[in-house]
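**Student:** This is a predicted model, with the sequence first.
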There are 2 protein chains.
Amino acid sequence: MSTLILIVEDEEDILELMEFNLGREGFETMGFLNTKRVIEVLEEEKVDLILMDRNLPGTEGSEFVASLRRSGINTPVIFISAKDKDEHIEEGFERGGDDYLTKPFSMKELVLRVKAILRRTQKTSTEGNVTYRDITLNLASRTVIIENSLIELTKLEFDLLYALMGNQNIVLDREYLLEHVWGGDEMYQDRTVNVAINRLKEKIDPDKSKEYIKTVRGVGYTLC
Amino acid sequence: MSTLILIVEDEEDILELMEFNLGREGFETMGFLNTKRVIEVLEEEKVDLILMDRNLPGTEGSEFVASLRRSGINTPVIFISAKDKDEHIEEGFERGGDDYLTKPFSMKELVLRVKAILRRTQKTSTEGNVTYRDITLNLASRTVIIENSLIELTKLEFDLLYALMGNQNIVLDREYLLEHVWGGDEMYQDRTVNVAINRLKEKIDPDKSKEYIKTVRGVGYTLC
DNA sequence: TACTACTATCACCGTTTGATTACAATAGTT
DNA sequence: AACTATTGTAATCAAACGGTGATAGTAGTA
């Protein structure tokens, strides 16, 4: 899943330069010399960030963004402009810009500001997932997806699976699991882990064909 | 619920100037001349934004922020510095900064960048609508529309629903909800949340056919 | 094969947790 | 003041969860 950046900039050489530099950083870009077809694109494609020149012939870039906002499009925007007076900065921000670059700017700063904005806005979408083979855990939603279908786990089962998945290829002994999954000060028997593992196995692999969790006799359990 | 900005700046007159200008815009500020007591404050108070001078005597501001990030504190940061070379900008961003201001800067630009970051991070603080399935919240008018008809919610119910809708697919535990919805310093019981959720459910889905809010046993609640 | 040590599995049942209702306290309104 | 709306807390109930003991199973070893 790559990141798509839409650029509106009427100076063709600058546009190319921006596309080149962002492309080199692994971003996908779509460049436009004016705002004509931009709305259609925004409706069709999942655009992650817009770089918008404010000094466009015809429409003002900030006016265009303001109209996007009115129609409910909240894609983040970085304005680009030669104007560097406070009043213009203000106007740009007020109309829904997330950042501001004034020409001339270095390509390095462009890339850095782009990354900073994306870091802020993309959060949570990809972070917080753990994967092992065809199992995916999402920590935030506490969901478990196996082979594209949702599996229901109890809190203990989820925590247990998370402990195992966060330590792939490492054998976790019962003492460790009781400490980290069960936690607290209560004393439990080692056997408790066996039963919990068993219940977990039953849920994530009912027909026992996958063998996700391997028992290491005399030690503990592991995903490997 | 006001916005709290924490400022670390060793030049006392500049610090005062910043506090004055941000205060005038309705922000609460806490100023520090060094990083000594900052961590304690971050742990106690809900800080919305940090303004961090990089040229501090002793610790580098960016190094300090890097250590915050390592300990899991993700409060947004704007770096302030006299250094304006690319390499330093880069270092600031890489270490978890969200924006960068170089001295000398105008108070107007400071305020604008602060607002821009807050807009981005606090999401839809007052602007815009939030939707989930056939529920639409309007933050400005604090109204709730479900299936095209208006639903009356109390303040608490609205705030609770907003918290859930602003964190779709994320399980919110009771502690989080008490902190963010109830706020304040009072101590409430976890059970308080149950009852509030129950009342909210009754209003948004009287015949219990929609199942908007899912209970995650042992953890909390989520919209999913 | 026989023995041993460890593990899987099952069923039971106490504990925990959440839903729901009722009540009390408080604040806001008329 | 009387009334109403709001919301925290207590009480009750039902259900889910999970720890434990008993028993069966299995791998390792001689």
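**Tutor:** Thanks, I have it. Numbers count the residues shown, from 1 in each chain, chains lettered A, B, ... in the order given.
**Student:** hmm, who's touching the host helix or strand of A:E202?
**Tutor:** Assessed by DSSP states H and E, A:E202 sits inside helix A:190-204. With contacts defined as CB atoms under 8 Å, 6 or more residues apart in numbering or on different chains, helix A:190-204 is touched by A:135, A:144, A:146, A:151-153, A:156-157, A:160-161, A:174-175, A:177-178, A:182, A:208, A:210, A:212-213, A:215, A:220-221. (Each C-beta comes from the backbone N, C-alpha and C, glycine too.)
**Student:** ok, now stretch A:175-184?
**Tutor:** Against stretch A:175-184 from outside (CB under 8 Å, 6+ apart): A:156, A:159-160, A:163, A:188, A:190, A:192-193, A:220-221.
**Student:** what comes up buried for that stretch?
**Tutor:** A:176-178, A:181-182 (16 or more other CB atoms under 10 Å in any protein chain shown).
**Student:** quick one on the thing from earlier: with just CA atoms, put the helix holding A:E202 into PDB.
**Tutor:** Coordinates of each C-alpha in helix A:190-204 appear next as PDB, following Å, rounded to 0.1, in the frame of the first residue of the first chain:
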ATOM      1  CA  ASP A 190       1.700 -24.200  35.500                       C
ATOM      2  CA  ARG A 191      -1.200 -26.300  34.400                       C
ATOM      3  CA  THR A 192      -3.200 -23.200  34.000                       C
ATOM      4  CA  VAL A 193      -1.100 -22.300  31.000                       C
ATOM      5  CA  ASN A 194      -1.700 -25.700  29.400                       C
ATOM      6  CA  VAL A 195      -5.400 -25.200  29.500                       C
ATOM      7  CA  ALA A 196      -5.300 -21.700  28.200                       C
ATOM      8  CA  ILE A 197      -3.000 -22.700  25.300                       C
ATOM      9  CA  ASN A 198      -5.300 -25.500  24.600                       C
ATOM     10  CA  ARG A 199      -8.300 -23.300  24.400                       C
ATOM     11  CA  LEU A 200      -6.500 -20.900  22.200                       C
ATOM     12  CA  LYS A 201      -5.400 -23.600  19.900                       C
ATOM     13  CA  GLU A 202      -9.000 -24.800  19.600                       C
ATOM     14  CA  LYS A 203     -10.100 -21.300  18.500                       C
ATOM     15  CA  ILE A 204      -7.300 -20.500  16.100                       C
END
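**Student:** Tell me if it is near DNA strand D.
**Tutor:** Yes - with CB under 7 Å from any atom of the strand as the criterion, DNA strand D is reached by helix A:190-204 at A:191-192, A:195-196.
**Student:** restrict the residues you listed to those near DNA strand C?
**Tutor:** Contacts with DNA strand C within the residues of helix A:190-204 next to DNA strand D, counted by CB under 7 Å from any atom of the strand: A:191, A:195.
**Student:** From the residues of helix A:190-204 next to DNA strand D, list just the buried residues.
**Tutor:** Applying 16+ other CB under 10 Å to the residues of helix A:190-204 next to DNA strand D flags A:A196 as buried.
**Student:** Can I get the residues of helix A:190-204 next to DNA strand D in CSV including pLDDT?
**Tutor:** Formatted as CSV, the residues of helix A:190-204 next to DNA strand D follow (pLDDT from 0 to 100):
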residue, pLDDT
A:R191, 93
A:T192, 96
A:V195, 97
A:A196, 97
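**Student:** quick check, nearest of the residues of helix A:190-204 next to DNA strand D to A:G58?
**Tutor:** When those are compared for distance to A:G58 (CB to CB), A:A196 wins out at 66.0 Å.
**Student:** Flag every residue of chain A that's near DNA strand D.
**Tutor:** With CB under 7 Å from any atom of the strand as the criterion, chain A comes near DNA strand D at residues A:154-157, A:182, A:187-189, A:191-192, A:195-196, A:217.
**Student:** quick revisit: which of the buried residues of stretch A:175-184 fall in helices?
**Tutor:** Assigned to helices by DSSP state H, the following of those qualify: A:176-177.
**Student:** quick one: which of the buried residues of stretch A:175-184 is nearest DNA strand D?
**Tutor:** Among those, A:W182 lies closest to DNA strand D (CB to the nearest atom of the strand), at 5.6 Å.
**Student:** Toward the C-terminus, what is the element adjacent to the helix or strand bottoming out on mean pLDDT in chain A?
**Tutor:** When each helix and strand of chain A is scored by mean pLDDT, DSSP states H and E, helix A:86-94 comes last, with a mean of 59. For helix A:86-94, the following helix or strand on the C-terminal side (DSSP H and E) is strand A:99-102.
**Student:** Give me the average confidence score over that following strand.
**Tutor:** For strand A:99-102, mean pLDDT rounds to 78.
**Student:** Quick check: buried residues in that strand?
**Tutor:** A:99-101.
**Student:** For those residues, give me JSON lines that also has distance to chain B.
**Tutor:** Putting these into JSON lines (distance: CB to the nearest CB, whole Å) gives the following:
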{"residue": "A:D99", "distance to chain B": "7"}
{"residue": "A:Y100", "distance to chain B": "8"}
{"residue": "A:L101", "distance to chain B": "12"}
